[in-house]
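>>> Sequence below, structure please.
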Amino acid sequence: MKLRGRAAIAALAMCFAAEASAADIKVLCIPGLRAAMETMLPQFEKDTGDKVIFHFEIFPGQKQQIDSGDFDVAIFATPQIEDLAKAGKVVAGSATNIASTSIGVAVKSGAAKPDISSDEAFRRTLLAAKSITYTKQSQTGVFLTKKFESLGLAGALKDKLQLQPGGAMTTVAVAKGEAELGIVLVSDILATPGVDLVGSVPAAFQNKVMQTAAVGSTAKQPAAAAALVKYLTSPGASAAFKAKGLEPAR
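Here you go, the predicted structure:
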(Lines give C-alpha, C1' and ligand atoms only; values in the text may rest on other atoms or scores of the structure.)
Protein backbone atom coordinates (compact mmCIF):
# COMPACT_ATOMS: atom_id res chain seq x y z
CA MET A 1 0.00 0.00 0.00
CA LYS A 2 1.33 3.43 -0.98
CA LEU A 3 1.52 6.13 1.64
CA ARG A 4 -0.23 9.39 0.84
CA GLY A 5 -0.41 12.87 2.25
CA ARG A 6 0.62 13.29 5.86
CA ALA A 7 1.55 9.61 6.21
CA ALA A 8 4.07 9.88 3.37
CA ILE A 9 5.55 13.06 4.79
CA ALA A 10 5.87 11.47 8.23
CA ALA A 11 7.60 8.42 6.75
CA LEU A 12 10.09 10.62 4.88
CA ALA A 13 10.74 12.65 8.00
CA MET A 14 11.53 9.49 9.91
CA CYS A 15 14.00 8.40 7.22
CA PHE A 16 15.76 11.77 7.26
CA ALA A 17 15.88 11.71 11.05
CA ALA A 18 17.46 8.27 10.99
CA GLU A 19 20.07 9.43 8.48
CA ALA A 20 20.77 12.58 10.49
CA SER A 21 21.30 10.59 13.66
CA ALA A 22 23.85 8.26 12.07
CA ALA A 23 27.43 9.41 12.58
CA ASP A 24 30.83 8.72 11.11
CA ILE A 25 33.16 8.37 14.10
CA LYS A 26 36.81 8.95 13.25
CA VAL A 27 39.18 7.05 15.55
CA LEU A 28 42.97 7.22 15.89
CA CYS A 29 44.28 3.98 17.39
CA ILE A 30 47.43 1.91 17.86
CA PRO A 31 47.78 -1.13 15.53
CA GLY A 32 47.93 -3.53 18.49
CA LEU A 33 44.19 -3.12 19.09
CA ARG A 34 43.15 -3.62 15.49
CA ALA A 35 42.10 -7.27 15.64
CA ALA A 36 39.99 -6.72 18.76
CA MET A 37 38.35 -3.62 17.33
CA GLU A 38 37.49 -5.33 14.06
CA THR A 39 35.88 -8.13 16.07
CA MET A 40 33.71 -5.97 18.32
CA LEU A 41 32.83 -2.93 16.21
CA PRO A 42 30.32 -4.55 13.84
CA GLN A 43 28.00 -5.04 16.82
CA PHE A 44 28.42 -1.41 17.91
CA GLU A 45 27.67 -0.22 14.39
CA LYS A 46 24.62 -2.49 14.20
CA ASP A 47 23.29 -1.26 17.55
CA THR A 48 23.83 2.44 16.90
CA GLY A 49 23.69 2.86 13.13
CA ASP A 50 26.96 4.76 13.35
CA LYS A 51 30.03 3.96 11.29
CA VAL A 52 33.46 3.77 12.90
CA ILE A 53 36.38 4.84 10.70
CA PHE A 54 39.76 3.80 12.10
CA HIS A 55 43.24 5.05 11.35
CA PHE A 56 45.64 2.49 12.81
CA GLU A 57 49.18 3.74 13.36
CA ILE A 58 51.65 4.14 16.21
CA PHE A 59 51.39 7.41 18.13
CA PRO A 60 54.24 9.29 16.36
CA GLY A 61 52.67 8.45 12.99
CA GLN A 62 49.38 10.07 14.04
CA LYS A 63 50.85 13.52 14.63
CA GLN A 64 49.30 15.16 11.58
CA GLN A 65 45.80 13.92 12.40
CA ILE A 66 46.19 14.90 16.05
CA ASP A 67 47.44 18.39 15.23
CA SER A 68 44.58 18.95 12.77
CA GLY A 69 42.00 17.89 15.35
CA ASP A 70 40.23 15.86 12.68
CA PHE A 71 39.24 12.94 14.90
CA ASP A 72 36.50 12.02 17.32
CA VAL A 73 38.26 9.44 19.51
CA ALA A 74 41.93 8.81 20.28
CA ILE A 75 43.15 5.48 21.71
CA PHE A 76 46.76 5.43 22.88
CA ALA A 77 48.84 4.60 25.94
CA THR A 78 47.65 6.38 29.08
CA PRO A 79 50.66 8.78 29.30
CA GLN A 80 50.10 9.81 25.68
CA ILE A 81 46.41 10.49 26.28
CA GLU A 82 47.35 12.49 29.39
CA ASP A 83 49.72 14.59 27.26
CA LEU A 84 46.95 15.15 24.70
CA ALA A 85 44.61 16.25 27.48
CA LYS A 86 47.19 18.76 28.75
CA ALA A 87 47.58 20.07 25.20
CA GLY A 88 43.82 20.44 24.87
CA LYS A 89 43.54 17.85 22.11
CA VAL A 90 41.19 15.51 24.01
CA VAL A 91 38.58 16.05 26.70
CA ALA A 92 40.35 15.10 29.93
CA GLY A 93 37.18 14.00 31.70
CA SER A 94 36.41 11.54 28.89
CA ALA A 95 39.62 9.49 29.29
CA THR A 96 38.73 5.84 29.92
CA ASN A 97 41.08 2.89 30.36
CA ILE A 98 40.06 0.03 28.08
CA ALA A 99 42.77 -2.66 27.92
CA SER A 100 46.43 -3.30 28.62
CA THR A 101 48.99 -4.62 26.16
CA SER A 102 52.06 -6.79 26.81
CA ILE A 103 55.18 -7.71 24.86
CA GLY A 104 55.68 -11.12 23.29
CA VAL A 105 58.06 -12.92 20.95
CA ALA A 106 57.13 -14.14 17.47
CA VAL A 107 58.77 -16.67 15.18
CA LYS A 108 57.86 -17.78 11.67
CA SER A 109 55.08 -20.38 11.70
CA GLY A 110 56.53 -23.85 12.17
CA ALA A 111 59.94 -22.62 13.35
CA ALA A 112 61.43 -23.93 16.58
CA LYS A 113 60.40 -21.86 19.57
CA PRO A 114 63.38 -20.56 21.57
CA ASP A 115 63.58 -20.53 25.34
CA ILE A 116 62.28 -17.29 26.82
CA SER A 117 61.18 -18.79 30.13
CA SER A 118 63.40 -16.57 32.29
CA ASP A 119 65.35 -13.33 32.09
CA GLU A 120 68.60 -15.21 31.56
CA ALA A 121 67.10 -17.63 29.03
CA PHE A 122 65.71 -14.73 27.00
CA ARG A 123 69.06 -12.96 27.14
CA ARG A 124 70.75 -16.09 25.71
CA THR A 125 68.07 -16.34 23.02
CA LEU A 126 68.62 -12.73 21.98
CA LEU A 127 72.37 -13.20 21.77
CA ALA A 128 72.01 -16.43 19.75
CA ALA A 129 69.45 -15.06 17.27
CA LYS A 130 70.65 -14.20 13.77
CA SER A 131 68.20 -11.32 13.41
CA ILE A 132 65.71 -9.49 15.63
CA THR A 133 63.03 -6.99 14.65
CA TYR A 134 60.81 -4.53 16.48
CA THR A 135 59.17 -1.17 15.77
CA LYS A 136 61.58 1.65 16.54
CA GLN A 137 59.20 4.47 17.55
CA SER A 138 56.43 2.46 19.19
CA GLN A 139 55.99 2.33 22.96
CA THR A 140 57.46 -1.18 22.87
CA GLY A 141 60.37 -0.16 20.67
CA VAL A 142 61.37 2.83 22.77
CA PHE A 143 61.20 0.67 25.88
CA LEU A 144 63.28 -2.14 24.34
CA THR A 145 65.98 0.22 23.09
CA LYS A 146 66.41 1.69 26.58
CA LYS A 147 66.23 -1.75 28.19
CA PHE A 148 68.93 -3.24 25.95
CA GLU A 149 71.16 -0.27 26.76
CA SER A 150 70.59 -0.55 30.51
CA LEU A 151 71.29 -4.30 30.48
CA GLY A 152 74.48 -3.92 28.44
CA LEU A 153 73.04 -5.72 25.39
CA ALA A 154 72.91 -2.83 22.92
CA GLY A 155 76.40 -3.40 21.51
CA ALA A 156 75.99 -7.16 21.10
CA LEU A 157 72.60 -6.81 19.40
CA LYS A 158 73.36 -3.78 17.23
CA ASP A 159 74.25 -5.63 14.02
CA LYS A 160 71.31 -8.04 14.18
CA LEU A 161 68.55 -5.52 14.85
CA GLN A 162 66.08 -4.66 12.09
CA LEU A 163 64.10 -1.65 13.30
CA GLN A 164 60.74 -1.14 11.60
CA PRO A 165 59.05 2.23 10.96
CA GLY A 166 55.53 0.90 11.53
CA GLY A 167 53.92 -1.62 13.88
CA ALA A 168 52.36 -3.85 11.24
CA MET A 169 55.74 -4.37 9.55
CA THR A 170 57.34 -6.18 12.50
CA THR A 171 55.30 -9.38 12.46
CA VAL A 172 55.17 -9.35 8.65
CA ALA A 173 58.98 -9.34 8.52
CA VAL A 174 59.00 -12.47 10.68
CA ALA A 175 56.29 -14.14 8.59
CA LYS A 176 58.36 -13.51 5.44
CA GLY A 177 61.48 -14.96 7.05
CA GLU A 178 63.28 -11.63 6.95
CA ALA A 179 63.86 -11.72 10.70
CA GLU A 180 64.24 -14.69 13.03
CA LEU A 181 62.61 -13.10 16.08
CA GLY A 182 59.99 -10.39 16.38
CA ILE A 183 59.49 -8.58 19.68
CA VAL A 184 56.11 -6.92 19.58
CA LEU A 185 52.74 -6.79 21.30
CA VAL A 186 51.16 -10.20 21.89
CA SER A 187 47.98 -8.91 20.23
CA ASP A 188 49.92 -8.09 17.04
CA ILE A 189 51.41 -11.59 16.95
CA LEU A 190 48.06 -13.33 17.39
CA ALA A 191 46.56 -11.22 14.61
CA THR A 192 49.26 -11.95 12.00
CA PRO A 193 49.09 -15.02 9.73
CA GLY A 194 52.39 -16.81 9.24
CA VAL A 195 53.82 -16.28 12.72
CA ASP A 196 53.64 -18.23 15.98
CA LEU A 197 53.59 -16.77 19.47
CA VAL A 198 56.50 -18.08 21.53
CA GLY A 199 55.12 -16.42 24.66
CA SER A 200 55.30 -13.23 26.69
CA VAL A 201 58.76 -11.90 27.45
CA PRO A 202 59.99 -12.37 31.05
CA ALA A 203 59.68 -9.73 33.75
CA ALA A 204 62.91 -7.80 33.19
CA PHE A 205 61.96 -7.23 29.53
CA GLN A 206 58.21 -6.79 29.99
CA ASN A 207 56.36 -3.51 29.63
CA LYS A 208 52.62 -3.79 30.16
CA VAL A 209 50.92 -0.61 29.05
CA MET A 210 47.34 0.50 29.66
CA GLN A 211 45.60 1.81 26.56
CA THR A 212 43.15 4.66 27.10
CA ALA A 213 40.38 6.09 24.95
CA ALA A 214 39.29 9.74 25.00
CA VAL A 215 36.97 12.01 23.03
CA GLY A 216 38.65 14.60 20.84
CA SER A 217 38.19 18.18 22.03
CA THR A 218 37.15 19.23 18.52
CA ALA A 219 35.17 16.07 17.75
CA LYS A 220 32.49 16.56 15.11
CA GLN A 221 30.47 13.73 16.66
CA PRO A 222 31.04 14.15 20.43
CA ALA A 223 27.93 12.26 21.57
CA ALA A 224 28.61 9.31 19.27
CA ALA A 225 32.28 9.38 20.26
CA ALA A 226 31.37 9.24 23.96
CA ALA A 227 29.03 6.32 23.26
CA LEU A 228 31.86 4.46 21.54
CA VAL A 229 34.27 5.05 24.42
CA LYS A 230 31.65 3.70 26.83
CA TYR A 231 31.10 0.66 24.62
CA LEU A 232 34.81 -0.18 24.78
CA THR A 233 34.36 -1.11 28.45
CA SER A 234 31.27 -3.28 27.85
CA PRO A 235 31.25 -7.07 28.46
CA GLY A 236 31.27 -7.72 24.71
CA ALA A 237 34.30 -5.50 24.20
CA SER A 238 36.09 -7.12 27.14
CA ALA A 239 35.54 -10.57 25.65
CA ALA A 240 36.96 -9.41 22.32
CA PHE A 241 40.02 -7.93 24.03
CA LYS A 242 40.70 -11.18 25.90
CA ALA A 243 40.33 -13.26 22.73
CA LYS A 244 42.95 -11.14 20.99
CA GLY A 245 45.64 -11.28 23.68
CA LEU A 246 44.74 -8.14 25.63
CA GLU A 247 43.78 -7.66 29.26
CA PRO A 248 40.55 -5.64 29.67
CA ALA A 249 40.68 -2.77 32.13
CA ARG A 250 38.89 -3.37 35.42
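
>>> Quick check: buried residues in stretch 54-68?
54, 56, 57, 58, 59, 61, 62, 65, 66 (16 or more other CB atoms under 10 Å). (C-beta placed from N, C-alpha, C; glycine too.)

>>> what separates that stretch from the chain centre, distance-wise?
Relative to its parent chain, stretch 54-68 has a centroid offset of 12 Å by CA atoms, centre = their mean, to the nearest Å.

>>> repeat for stretch 108-121
24 Å.

>>> now the end-to-end length of it.
End-to-end span of stretch 108-121 (CA to CA, to the nearest Å): 20 Å.

>>> what sits up against it?
105, 107, 122, 124-125, 128-129, 174-175, 177, 180-181, 193-196, 198-199, 201-205 (CB atoms under 8 Å, 6 or more residues apart in numbering).

>>> could you redo the last one with a cut-off of 7 Å?
For stretch 108-121, the external contacting residues (CB atoms under 7 Å, 6 or more residues apart in numbering) are 105, 107, 122, 125, 174-175, 177, 194-196, 198-199, 201-204.

>>> tell me which residues in that stretch are buried?
Taking 16+ other CB under 10 Å as the criterion, stretch 108-121 shows 108, 114, 116 as buried.

>>> Return the closest of the contacts of stretch 108-121 with respect to residue 141.
residue 201 (13.4 Å; CB to CB).

>>> Enumerate every residue touching residue 200.
Contacts of residue 200 (CB under 7 Å, 6+ apart): 102, 103, 104, 186, 206.

>>> so residue 211 sits in a helix?
No - read with DSSP: H, G, I helix; E, B strand; the rest coil, residue 211 is strand and lies in no helix.

>>> Beta-bridge partners for it, please?
Counting by DSSP bridges, residue 211 forms beta bridges with residue 77, residue 99.
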